[in-house]
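1. Sequence and predicted structure below; questions after.
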Amino acid sequence: MSGPSAPKQLLDDIGLSLVFFTRLRLPSSDFGGRSLADAIWAAPFAGLAVAIIGALVYAIATVLGLASGPAAALTLAATMLVTGCLHEDGLSDIADGFGGGRTRDRKLEIMRDSRIGAYGAAALGVSLLIRWSALSELTGAGHVVLALLAAHAASRGLFGAFMHLLPPARADGLSANAGSVTTETAFVGAALGAVALLALGLGGAIAALILLGLIFMAFRALCLSQIGGQTGDTIGALQQFGEIAVLLVASVCLS
């Protein structure tokens, strides 16, 4: 599959990413026959939309006089609502599968189970706690906006590279059906995510970029050792790890 080129193709890819990675709906569902693998470079734009919605909720909450803690909680709830907890679901499935399965096939079987286990519940709790605490530490709505933009765009910028560098762990399923991601497409998505990190300032961007790179390599190695590749759940978990990492950097750089 080829990367984006013509303006119509660019808009189709952005629209497809918005519809796939969020619950936002567009007037048209015709995306020019583009596949998810073609459009994965535009995932940071979906993150941008999620960040804007979360920032609006935070701003409204603070205008109404809420303290930073409750405002941060409502912000997280808004971002989860707009994505349908898509990535949180991936994180919980990975935690249950990797933590509870002894063999590769058993891990994949657990990951497909819609029920949530102790590992998954614990992973979700820790993810929510870290993200909430990081947002709560930020001083003012402006810093929250910058942190959300960086975290949601950059974490989704990793998707294309992850799909490009790891084979699908299953012969069927979301990841296998998405298609093959080209080097060009993976690079564009990663570059867009890296640019979004500049919202943290140059020092913060460099720190976040290094941290994201380490997380990417470590999680790639873990997925290869555990299930031999990637699935939709691993991509969701990667987003959660990336969002957490950037928000932690933001809590240091923007506080």
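-> Sure thing, it's come through. Numbers count the residues shown, from 1 in each chain.

2. Run through who's touching the helix or strand containing residue 97.
-> Residue 97 belongs to helix 86-100 when assigned by DSSP states H and E. Applying Cβ atoms under 8 Å, 6 or more residues apart in numbering, the external contacts of helix 86-100 come out as 21, 80, 107-108, 110-113, 116-117, 119-124, 127, 222, 226-227, 232-237, 239-240, 243. To be clear about C-beta, it is placed using only N, CA and C from the backbone, and glycine gets the same treatment.

3. who's in contact with residue 200?
-> 146, 147, 150, 207, 208, 246, 249, 250, 253, 254.

4. which of these lies closest to residue 188?
-> For the contacts of residue 200, the closest approach to residue 188 (Cβ to Cβ) belongs to residue 150, at 17.9 Å.

5. Please narrow the contacts of helix 86-100 to those residing in helices.
-> Counting by DSSP state H, the contacts of helix 86-100 place 21, 80, 107-108, 110-112, 119-124, 127, 222, 226-227, 232-237, 239-240, 243 in helices.

6. Pull out the buried residues from the residues you listed.
-> 21, 80, 107-108, 110-111, 119-120, 123-124, 127, 226-227, 232-237, 239-240, 243 (16 or more other Cβ atoms under 10 Å).

7. State the pLDDT value of the residue lying closest to residue 178 once chain neighbours are set aside.
-> Spatial nearest neighbour of residue 178, excluding adjacent residues (Cβ to Cβ, 6 or more residues apart in numbering): residue 36 at 4.1 Å. pLDDT, the model's per-residue confidence, is 91 for residue 36.

8. Buried residues, the helix holding residue 97. List them.
-> 86-98, 100.

9. now, among these, which is nearest to residue 188?
-> Distances from residue 188 to the buried residues of helix 86-100, taken by Cβ to Cβ, are shortest for residue 87, at 20.8 Å.
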